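>>> return a 3D structure for these sequence lines:
(4 chains)
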Protein chains: 2
Amino acid sequence: MKIWCVEDDESIRDIEVYTLNSTDFEATGFSDAAAFRDALATDKPDLIILDIMLPGEDGVELLKFLKDSPDTCRIPVIMATAKGMEYDKIQSLDLGADDYLVKPFGMMEMVSRVKAVLRRCNPTEVEHLLKAGGLVVNLDERTVTVDRERIQLTLKEFELLRLFLSHPGIAFTRDQLFNDVWGADYISETRTVDMHIRTLRVKLGDYGKMIETVRGVGYRLEVQA
Amino acid sequence: MKIWCVEDDESIRDIEVYTLNSTDFEATGFSDAAAFRDALATDKPDLIILDIMLPGEDGVELLKFLKDSPDTCRIPVIMATAKGMEYDKIQSLDLGADDYLVKPFGMMEMVSRVKAVLRRCNPTEVEHLLKAGGLVVNLDERTVTVDRERIQLTLKEFELLRLFLSHPGIAFTRDQLFNDVWGADYISETRTVDMHIRTLRVKLGDYGKMIETVRGVGYRLEVQA
DNA sequence: AACTTTTGTCAAATATTTGTAAAATTTGCA
DNA sequence: TGCAAATTTTACAAATATTTGACAAAAGTT
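Coordinates of the predicted model:
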């Protein structure tokens, strides 16, 4: 389990990372919001411990940012709050964090809260089936069936379909698609994304029509009510 | 959340109900299709776990019945299937079940699948909407509806409408509109902006009147109280 | 009312975006 | 290595959106 700690105080950050690493987690520390965001572009942790007071961009801002993006809103976040704030008050602010740690907190407490949150948020479960009409994507088996008929998708096609089905109705820019599926910035001036959309549409048969093109933007999976 | 389990084996049924009840659900068990149907006449659950093999009326029949009625077709169903059946066969039965459990299944798995299905069916995604009367702009989907009816806007029309709706009542000069929507300084003495305003007004039907022209300046979206 | 300025409207011309096919390249694997 | 499948690129066709300029209509001015 990957855990990322965003904390400007180096000594606190080090002991957090050290403790988590010696408790079977893979912890990484970040001293500021910028470094954290950079890392987030290429990788996603399973849990985030976020200091509420950071130099530059504030922890609350960062939390809002995380909860706003569909990519990251599912990642549980534990906020580390300043000494003065009382637990009740903080919680009453309800910023969408999954738990709170009040400084100074012991490492034992931190680990047990991390475990509790992980248990609560990730009950060892994956969304293994995505459906839309007669279209079924089995994420465990990595198979796709169209009206009970198995079809064969390539890697990119599968990832595209997965992305669409897990956000039905949402319009994605080619940029976003490229980011999510290819994990890289979109180098425009090439028809790569459109190409894969085409092959996907063809393989999906009638269901291919569900992938609508949003002119000037990208594509969207249209789900009928 | 109310969950109903239709299962003829009493011991299995009991443990299902017990587990669900101790996991913050309100579970009720039914030993056969008849009892289940009776209950359905007066109440509706949020999710159904349905054994595929039942004495008398079969689970598949029951599923068909559920999916045929507009009252019940929205209720997610998890089918519990016998051990011997292979996944392919099960899927070939696919009549609209939302997930499958293969017997014998663990209670943890059952709970996690129940949660996953509920999450999938009741998406909690925050929608980013701009509204004015019967006019709704969904920023994530990049869709626009007028009195519940979807209308098709081009990129520029969409961006114009977005700008107006996010600043209701504010008058924009053509310069500002061009800056915001086109991302460029307004240069020539052409009718470009007016043109798009026109097509937008037409597509919005009656709501087109909301876009008022501010003579000598530009346009404004008028919102009535 | 006569005039000036501004905005609405239209259809043609232009530009942009997307679909498509095929070729070129890369990748995975026996 | 060499093959086959997957992926990317290139080039062009097709579809669609945008711009433009001429003129009509409307609104303000004198």
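>>> which ones are touching residue A:68?
residue B:126 (CB atoms under 8 Å, 6 or more residues apart in numbering or on different chains). In this view, the C-beta of every residue, glycine as well, is placed from N, C-alpha and C.
>>> number of nearby residues for the spatially closest residue to residue A:196 that is not a sequence neighbour?
Among residues not flanking residue A:196 along the chain, residue A:156 sits closest, at 5.0 Å (CB to CB, 6 or more residues apart in numbering or on different chains). For residue A:156, the count of nearby residues is 18 (other CB atoms under 10 Å in any protein chain shown).
>>> then residue A:77?
As a measure of burial, residue A:77 has 26 neighbours, counting by other CB under 10 Å.
>>> kindly report the same for the one 4 residues further on.
Here the count is done by other CB under 10 Å, and residue A:81 has 24 residues near it.
>>> domain parsing for chain A?
Chain A is divided into the following domains under automatic domain parsing: A:2-121, A:129-221.
>>> picking that back up, by contact count, what packs against the helix or strand where the residue nearest to residue A:196 lies?
Assignment of secondary structure by DSSP states H and E places residue A:156 within helix A:155-166. Helix A:155-166 is packed against strand A:129-132, strand A:135-138, helix A:192-204, strand A:218-221, with contacts defined by 3 or more CB pairs under 8 Å, 6 or more residues apart in numbering or on different chains; DSSP states H and E.
>>> re earlier: the domains of chain A into TSV, with extra columns for mean pLDDT and distance to DNA strand C?
Rendered in TSV, the data for the domains of chain A read as follows (pLDDT from 0 to 100; distance: least, CB to the nearest atom of the strand, whole Å):
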stretch	mean pLDDT	distance to DNA strand C
domain A:2-121	82	17
domain A:129-221	91	4
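>>> can you tell me how far the residue nearest to residue A:196 is from residue A:34?
31 Å (CB to CB, to the nearest Å).
>>> ok so, going back, tell me if I'm right that the residue nearest to residue A:196 and residue A:180 touch.
No. If you go by CB atoms under 8 Å, residue A:156 and residue A:180 don't touch, sitting 11.0 Å apart.
>>> before we move on, the earlier item: redo the domains of chain A as TSV? Include distance to DNA strand D.
Formatted as TSV, the domains of chain A follow (distance: least, CB to the nearest atom of the strand, whole Å):
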stretch	distance to DNA strand D
domain A:2-121	16
domain A:129-221	3
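>>> dump these to TSV, plus distance to residue B:169.
Shown next, in TSV, are the domains of chain A (distance: least, CB to CB, whole Å):
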stretch	distance to residue B:169
domain A:2-121	26
domain A:129-221	28
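>>> so which of those is nearest residue B:24?
domain A:2-121 (11.7 Å; CB to CB).
>>> okay, how far is it across stretch A:68-76, tip to tip?
13 Å (CA to CA, to the nearest Å).
>>> in chain A, which spans are strands?
A:2-6, A:26-30, A:47-51, A:77-81, A:99-102, A:129-132, A:135-138, A:143-146, A:149-151, A:171-173, A:211-214, A:218-221 (DSSP state E).
>>> let me have the ones you listed in a markdown table, extended by distance to residue B:74.
Converted to a markdown table, the strands of chain A look like this (distance: least, CB to CB, whole Å):
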| stretch | distance to residue B:74 |
| --- | --- |
| strand A:2-6 | 37 |
| strand A:26-30 | 41 |
| strand A:47-51 | 34 |
| strand A:77-81 | 32 |
| strand A:99-102 | 34 |
| strand A:129-132 | 14 |
| strand A:135-138 | 18 |
| strand A:143-146 | 22 |
| strand A:149-151 | 26 |
| strand A:171-173 | 25 |
| strand A:211-214 | 24 |
| strand A:218-221 | 20 |
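>>> which one of those strands lies nearest to residue B:205?
Smallest distance to residue B:205 across the strands of chain A (CB to CB): 21.8 Å, for strand A:211-214.
>>> in its sheet, what does the closest one sit against?
Sheet pairing of strand A:211-214 (DSSP bridges) gives strand A:218-221 (antiparallel).
>>> what's the partner strand in contact with?
With contact meaning CB under 8 Å, 6+ apart, strand A:218-221 is reached by A:132, A:164-165, A:167-177, A:193, A:197, A:210-214, B:141-142.
>>> so residue A:198 versus residue A:136, what's the distance?
22 Å.
>>> what's around residue A:171, how many residues?
21.
>>> could you do residue A:79 as well?
Neighbours of residue A:79 (other CB under 10 Å): 25.
>>> isn't it right next to residue A:63, touching?
Yes. Look at residue A:79 against residue A:63 with CB under 8 Å: they come within range, at 6.9 Å.
>>> gap between residue A:39 and residue A:110?
Residue A:39 is 21 Å from residue A:110, where distance means CB to CB.
>>> in terms of neighbours, single out the busier of these two.
Counted by other CB under 10 Å, residue A:39 and residue A:110 do not tie: residue A:110 has more neighbours, with 20 against 15.
>>> contact partners for that one?
Residue A:110 is in contact with A:16, A:19-20, A:49, A:101, counting by CB under 8 Å, 6+ apart.
>>> about what we covered before: return the most buried member of the helices and strands packed on helix A:155-166.
strand A:218-221 (a mean of 22; mean count of other CB atoms under 10 Å in any protein chain shown).
>>> show me what the closest residue to residue A:166 other than its chain neighbours is bridged to.
Leaving aside its chain neighbours, residue A:166 sits nearest to residue A:130 (6.1 Å; criterion: CB to CB, 6+ apart). For residue A:130, the beta-bridge partners are residue A:137 (DSSP bridges).
>>> what sits against the residue nearest to residue A:196?
Residue A:156 neighbours (CB under 8 Å, 6+ apart): A:181-182, A:196.
>>> before we move on, what about residue A:146?
Residue A:146 sits next to A:134-135, A:204-205, A:207 when contact means CB under 8 Å, 6+ apart.
>>> contacts with chain B among those residues, please.
Applying CB under 8 Å from any CB of the partner chain, the subset of the contacts of residue A:146 adjacent to chain B comprises residue A:134.
>>> now the contacts of residue A:146 in TSV, with distance to residue B:3?
Below are the contacts of residue A:146 laid out as TSV (distance: CB to CB, whole Å):
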residue	distance to residue B:3
A:134	26
A:135	26
A:204	33
A:205	35
A:207	30
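>>> tell me the one of the contacts of residue A:156 nearest chain B?
When these are ranked by distance to chain B (CB to the nearest CB), residue A:181 comes first, at 18.5 Å.
>>> just give the nearest non-adjacent residue to that closest one, would you?
residue A:159 is the one closest to residue A:181 (CB to CB, 6+ apart), at 4.4 Å.
>>> give me the angle between the longest helix along chain A and strand A:2-6.
Looking across chain A with DSSP state H, the single longest helix is helix A:107-121. Interaxial angle, helix A:107-121 versus strand A:2-6 (axes from the mean of the first three to the mean of the last three CA atoms, to 10 degrees): 120 degrees.
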